[in-house]
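1. here you go, sequence then predicted model.
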Amino acid sequence: MCNPTTALMVVNVASAGLQYKVGQQQQEATYNAQKRKNEIAKANAIRRYATEQLKVRQALAVASDKDYEATLKGRKVRAAFITEAGGAGLAISGSTEALLADYYRTEGKYRNALRTNMDINVSQFERNLEAIQFGQESQMTYEVPPNHNLLFATQALNLANTYYSLEVAKEMRGLQTQRDKRKQKKSVEYADT
């Protein structure tokens with residue numbers, strides 16, 4: 001006949017083994033989920049970086065095109081103006097020079113405005129990149145690799161706790177504990193010799 005304490009301990013050992021396996025699987029699943037979340041955060045940041053870089057490249061291209069168009073337009077207008085004045089046999093007078101200077105000033109202000117806008121765009125681009133990096137860091141999680149040794153030790157300690165709790169319960173009820181059985185066996189062996 002099987003001792004109820006032994007049967008209970010066998011069940012507890014099986015339960016601890018099962019809990020160990022389930023704990024292993026949970027730790028692995030949690031670790032894989034953490035790694036996946038970090039991969040998604042990184043991929044998201046890369047996509048956002050690419051989008052921001054595309055925006056700034058497009059803005060630079062537009063500004064460059066506008067600057068080029070302004071240069072061409074300015075050269076054409078100045079050439080036409082000088083050709084008309086020279087073709088009519090007129091010397092460029094002070095008022096004509098003032099008109100050209102005003103045109104150069106207007107062109108310079110336009111180009112300066114383009115550069116200022118581009119500086120603002122680049123500055124905003126840099127702030128957006130910092131925000132993307134901060135966003136990635138806030139989306140990432142600390143990866144905790146599975147610790148199977150700690151899990152095994154925990155289950156072993158739980159099993160030992162159960163065993164000693166049963167022994168204490170037997171002792172409190174006045175039943176014979178395993179320690180008492182060992183003492184009795186040793187005293188019998190000692191008496192036989």
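-> Perfect, thanks for sending it.
2. tell me the mean pLDDT for the helix or strand harbouring Asn38?
-> Here Asn38, judged by DSSP states H and E, is contained in helix 4-87. Averaging pLDDT along helix 4-87 yields 85.
3. swap in stretch 136-143?
-> Averaged across stretch 136-143, pLDDT comes to 83.
4. what sits against the residue nearest the centre of the chain?
-> The structure's the chain has its C-alpha centroid closest to Met140; by CA atoms, centre = their mean the separation is 3.2 Å. Taking CB atoms under 8 Å, 6 or more residues apart in numbering as the contact definition, Met140 lies against Lys37, Asn38, Ala41, Lys42. For glycine as for every other residue, the C-beta is placed from the backbone atoms N, C-alpha and C.
5. kindly recompute the last result at 6 Å.
-> Asn38, Ala41 (CB atoms under 6 Å, 6 or more residues apart in numbering).
6. need phi/psi at it.
-> Phi and psi for Met140, reported as degrees, to the nearest 10, are phi -80, psi 160.
7. please apply the same query to the one 10 residues further on.
-> Reported as degrees, to the nearest 10, the phi and psi values for Leu150 are phi -60, psi -40.
8. rewinding a little: chain center to the next helix or strand after the helix holding Asn38, what's the gap?
-> Moving toward the C-terminus from helix 4-87, the next helix or strand (DSSP H and E) is helix 94-139. Relative to the centre of its chain, helix 94-139 is centred 33 Å away, using CA atoms, centre = their mean, to the nearest Å.
9. packing partners of helix 94-139?
-> helix 4-87 (3 or more CB pairs under 6 Å, 6 or more residues apart in numbering; DSSP states H and E).
10. tell me the angle the helix it packs on makes with helix 94-139.
-> Here helix 4-87 runs at an angle of 170 degrees relative to helix 94-139 (axes from the mean of the first three to the mean of the last three CA atoms, to 10 degrees).
11. chain center to helix 4-87: distance?
-> Using CA atoms, centre = their mean, the offset of helix 4-87 from its chain centre is 10 Å.
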